[in-house]
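Undergrad: Dropping the sequence and predicted coords here.
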Amino acid sequence: MTVHHGNGERDGQTPVPNHQLRALRQQRNWSQQEFAEAIRDQAMAMGLNLACDEKRVGRWERGEVRWPSPAYRRVLQAVLNVPVSEMGFVPPAGDGSGDPAEPDTATPPEGAPVIPPQAVPVTPPGGVTAVRRHAANVPPADGVPVTAPPGAAPLGPGTPAGGVPVTPITGVPVLSGVAYPIAQPPLGYPAAGHPAPGPGDAAVPLAGEGLEMLETLEAFELIRRLEASDVGGGMLEALCLKVDRLCRDYPHLDAQALRVQAAPHLRYVINLLDGRLTLAQHRELLVIGGWLSALLGCVYYDMGHREAALASCEAAFRFGDQAGHRELMAWSYEMRAWFALSEGRYREVIELARAGQETCRGDSNARVQLTLQEAKGWARLGREQEAREAMERGWAALERLPVPEHPEHHFVFDRTKYDFYVASCFQWLGRDDQAERFAAKVFADCESRRPGWPMRYAETKIGLGVIAARRGDLEQAVANGLEALGIERKSGPSLMARAQELLVVLNDRYPKERLTAEYRERYLAARQEFDRPLPELDLDAFGHRPSVANAPVRPDTDGVICLACRERRHEDCRGGTWCDCQHRTSREVEPATGAAGE
């Protein structure tokens, strides 16, 4: 094992573990991964582009890096709130500066993509600074006139006012028949301080090797401009890791805490989009912004902030559209379908779910979830055949997906989420035995993975409460409902819609019982926990809306979904005519299933 000295060299010394740094981390109950996340977040807040992961922290704690670079030391002081001298690091001996250049700053974390160096044009004789001063006819600081570098073409009447001949293509100074690019303007424009050749000024003719060199250097200059960026690879990697962590925290972390973390990161991404980026970086930032918007849309809806949720959903769609990321666009449909399901707009659930499936087409997490949302819509309407067919399609698509590494990720669909969705569908269809069988799998999954899925657990508990009430077990029904309402992590509109189902059954079957009154009181108190009004639904004892549950389904008639504006249209969209948003129905509009105007 070798040790980083701090000056870019290594020796054969055995590293001495840094027990002080490990103790500082453990005092804060941080894992190495959580410590690395705190460092990345602090670096981002300080405007620094630093990559850090648990492997880097491990190298520090094992003593393989004895003296981190200045940037890391500043961030560590801010994170731990102690001086570097108390962190167990060993500064290199004999270095009075205390800020040695150390390879820890230049070495990306293991597994990070290797970014090739940018093409650098050859520096002309005399150095770039001398050429810049010569070209701009600016004397150096010491007052000694600058002469052309050895071998350069003599200055004469045919030389532009700047002092150096320039090529007619990019304004590159020509020295001894060879063009050297310096700080260049856009192609076709003279550089600042380099007047364009006048009528009496002839560009230096180039031929043979000189012309080939010019063409080569112009290609290098084009590459340099294409790769010019204000964002390093480490910055994008850190953002991707943070977004992934937030999406994995969604099932169990408090909604307000998620908002506090996700919203500033989205603002940071938007600021980066205003800077200088490569095309690949621009697209990657659009995708990162899209996932953050989608996550915030879910968080806002959990908190009862419906308008903010819809706006974030729209932003996610726009980010995905600009990036050409169809799955991200499909998730925006899924979110709207979820909102509609929680608000009792069940036919719209089916319309939006089908439009989203059309958007993502191939097998993906979004497609599976959209198919199961369609099944939920049919189940809410009491349409068992259509619901079962959608559940079967969803399972077939899920079987074709690889097993996810992180099933807790909110935008990943795996077997555990399938059990949760299907349990709800069977409960709404009145298939209580099947609902209980899938609910048992949900509870087992929640128990096996901590912190699990508390929102999923709560909604499934209420579903079993409805089944218990229908079977005459009032005590078990109320116990399930109270347990669900007492779980801290809640999705307001979604949980309240399920809780209302149980209240409808209790009011219908046990209207004067004390336990019913107790549950009703707790239900009303839970609604007050949200600072936005939540919708009351017109439901029967099976969770159906009596006014629409048995309405005939008439495809290709009263309702269509425009995939461009994503709103339901009626007469204007029929027969290949224009809809309100001026998109042709022959391409962007799909027939909706179900009558409009619920």
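TA: Now that the structure is in, tell me what you want to look at. Numbers count the residues shown, from 1 in each chain.
Undergrad: for this protein, which spans come out with low pLDDT?
TA: Under the criterion pLDDT under 70, the flagged ranges of the chain are 1-13, 47, 93-217, 220-228, 233, 450-451, 530-598.
Undergrad: now do 50
TA: Scanning the chain with the threshold set as pLDDT under 50 gives 5-11, 95-204, 539-598.
Undergrad: how is it carved up into domains?
TA: In the domain annotation for the chain, the residue ranges read 3-86, 453-551, 552-598 (automatic domain parsing).
Undergrad: quick one: buried residues of stretch 512-521?
TA: Residues of stretch 512-521 classed as buried under the neighbour-count rule (16 or more other CB atoms under 10 Å) are 515, 516, 519, 520. For the C-beta atoms, the positions are set from N, CA and C on the backbone; glycine is no exception.
Undergrad: count of neighbours near the closest residue to the last one other than its chain neighbours?
TA: The shortest distance from residue 520 to any non-neighbouring residue, by CB to CB, 6 or more residues apart in numbering, is to residue 503 (6.1 Å). The criterion is other CB atoms under 10 Å. On that basis, residue 503 has 21 neighbouring residues.
Undergrad: Can you give me the distance of residue 503 to residue 467?
TA: Residue 503 sits 15 Å away from residue 467, taking CB to CB, to the nearest Å as the criterion.
Undergrad: again, but for residue 300
TA: Here residue 300 is placed at a distance of 32 Å from residue 467 (CB to CB).
Undergrad: surely the residue nearest to residue 520 meets residue 523?
TA: Yes - taking CB atoms under 8 Å as the contact criterion, residue 503 and residue 523 are neighbours in contact, 5.5 Å apart.
Undergrad: before we move on, the earlier item: and the residue nearest to residue 520, that's in a helix?
TA: Yes - membership of residue 503 in a helix is supported by DSSP: H, G, I helix; E, B strand; the rest coil.
Undergrad: residues in contact with it?
TA: Contact criterion CB atoms under 8 Å, 6 or more residues apart in numbering gives 519, 520, 523 as the residues in contact with residue 503.
Undergrad: any idea which of these is closest to residue 235?
TA: residue 523 (46.7 Å; CB to CB).
Undergrad: ok, how many other residues are close to the closest one?
TA: Residues near residue 523, counting by other CB under 10 Å, number 18.
Undergrad: Which of the helices or strands spans it?
TA: In this structure, residue 523 is located in helix 514-527 according to DSSP states H and E.
Undergrad: now residue 327
TA: Per DSSP H and E: residue 327 is located in helix 326-342.
Undergrad: Send me that helix as CSV with only the CA atoms.
TA: The C-alpha coordinates for helix 326-342 follow below in CSV (Å, rounded to 0.1, in the frame of the first residue of the first chain):
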residue,chain,number,x,y,z
ARG,A,326,-39.7,9.9,-23.5
GLU,A,327,-39.8,8.1,-20.1
LEU,A,328,-39.6,11.3,-18.2
MET,A,329,-42.4,12.6,-20.3
ALA,A,330,-44.4,9.4,-19.6
TRP,A,331,-43.9,9.9,-15.8
SER,A,332,-45.6,13.3,-16.1
TYR,A,333,-48.6,11.5,-17.5
GLU,A,334,-48.4,9.0,-14.6
MET,A,335,-48.4,11.8,-12.0
ARG,A,336,-51.5,13.4,-13.5
ALA,A,337,-53.2,10.0,-13.6
TRP,A,338,-52.3,9.6,-9.9
PHE,A,339,-53.7,13.0,-9.1
ALA,A,340,-56.9,12.2,-11.0
LEU,A,341,-57.2,8.9,-9.1
SER,A,342,-56.9,10.6,-5.7
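Undergrad: Which elements pack onto it?
TA: Helices and strands touching helix 326-342, by 3 or more CB pairs under 8 Å, 6 or more residues apart in numbering; DSSP states H and E, are helix 279-302, helix 306-323, helix 346-360, helix 365-380, helix 492-509.
Undergrad: mind listing what's buried in the third one?
TA: For helix 346-360, a neighbour-count test (16+ other CB under 10 Å) marks 346-357, 359-360 as buried.
Undergrad: And that helix, what does it pack against?
TA: Contact partners of helix 346-360 among helices and strands, from 3+ CB pairs under 8 Å, 6+ apart: helix 326-342, helix 365-380, strand 560-562, strand 589-591.
Undergrad: ok, residue 456 touching residue 442?
TA: Yes - with contacts counted by CB under 8 Å, residue 456 reaches residue 442, the gap being 6.3 Å.
Undergrad: Looking at the two, which has the bigger crowd around it?
TA: Comparing residue 456 with residue 442 by neighbour count (other CB under 10 Å), the higher total belongs to residue 442, at 26 against 22.
Undergrad: so the more buried one sits right up against residue 416, yeah?
TA: Yes - between residue 442 and residue 416 there is a contact at 7.2 Å, judged by CB under 8 Å.
Undergrad: ok, back up a step: now the helix holding residue 327 and helix 346-360, what's the angle there?
TA: Helix 326-342 and helix 346-360 are oriented at 170 degrees to each other (axes from the mean of the first three to the mean of the last three CA atoms, to 10 degrees).
Undergrad: quick one on the thing from earlier: which single one of the buried residues of stretch 512-521 is nearest to residue 67?
TA: Distance ranking of these against residue 67, using CB to CB, places residue 519 first at 62.8 Å.
Undergrad: quick one: contacts for the closest one?
TA: Taking CB under 8 Å, 6+ apart as the definition, contacts of residue 519 comprise 478, 481, 482, 502, 503, 506.
Undergrad: From residue 252, how far out is the nearest residue to residue 397 once chain neighbours are set aside?
TA: Across the structure, with CB to CB, 6+ apart as the measure, the residue nearest residue 397 apart from its sequence neighbours is residue 368 (4.8 Å). Distance of residue 368 to residue 252, given as CB to CB: 22 Å.
Undergrad: what about these two, which has more around it?
TA: For residue 368 against residue 252, the residue with the higher neighbour count under other CB under 10 Å is residue 368, and the figures read 28 against 16.
Undergrad: Who are the contact partners of that one?
TA: Applying CB under 8 Å, 6+ apart, we find residue 368 in contact with 394, 397, 398, 401, 413, 418.
Undergrad: Throw those residues into a markdown table and include neighbour count, thanks.
TA: Rendered in a markdown table, the data for the contacts of residue 368 read as follows (neighbours: other CB atoms under 10 Å):
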| residue | neighbour count |
| --- | --- |
| 394 | 23 |
| 397 | 21 |
| 398 | 20 |
| 401 | 15 |
| 413 | 26 |
| 418 | 20 |
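Undergrad: Ends of stretch 502-515, what's the gap?
TA: 12 Å (CA to CA, to the nearest Å).
Undergrad: how about the nearest residue to residue 412 once chain neighbours are set aside, what does it touch?
TA: Ranked by CB to CB, 6+ apart and with sequence neighbours excluded, the top spatial neighbour of residue 412 is residue 404, at 4.7 Å. Contact analysis of residue 404 by CB under 8 Å, 6+ apart lists 365, 412, 414.
Undergrad: One more: residue 48?
TA: Going by CB under 8 Å, 6+ apart, residue 48 touches 71, 74, 75.
Undergrad: Let's see that with 10 Å instead.
TA: 39, 40, 42, 71, 72, 74, 75, 234, 235 (CB atoms under 10 Å, 6 or more residues apart in numbering).
Undergrad: which ones among those are found in strands?
TA: Among these, DSSP state E puts none in strands.
Undergrad: Just the ones in helices from the residues you listed, please.
TA: When DSSP state H defines the helices, the subset of the contacts of residue 48 inside them is 39, 40, 42, 71, 72, 74, 75, 234, 235.
Undergrad: I figured the fourth one hits residue 42, correct?
TA: Same thing as residue 71. No - taking contact to mean CB atoms under 10 Å, the distance of 11.1 Å between residue 71 and residue 42 leaves them out of contact.
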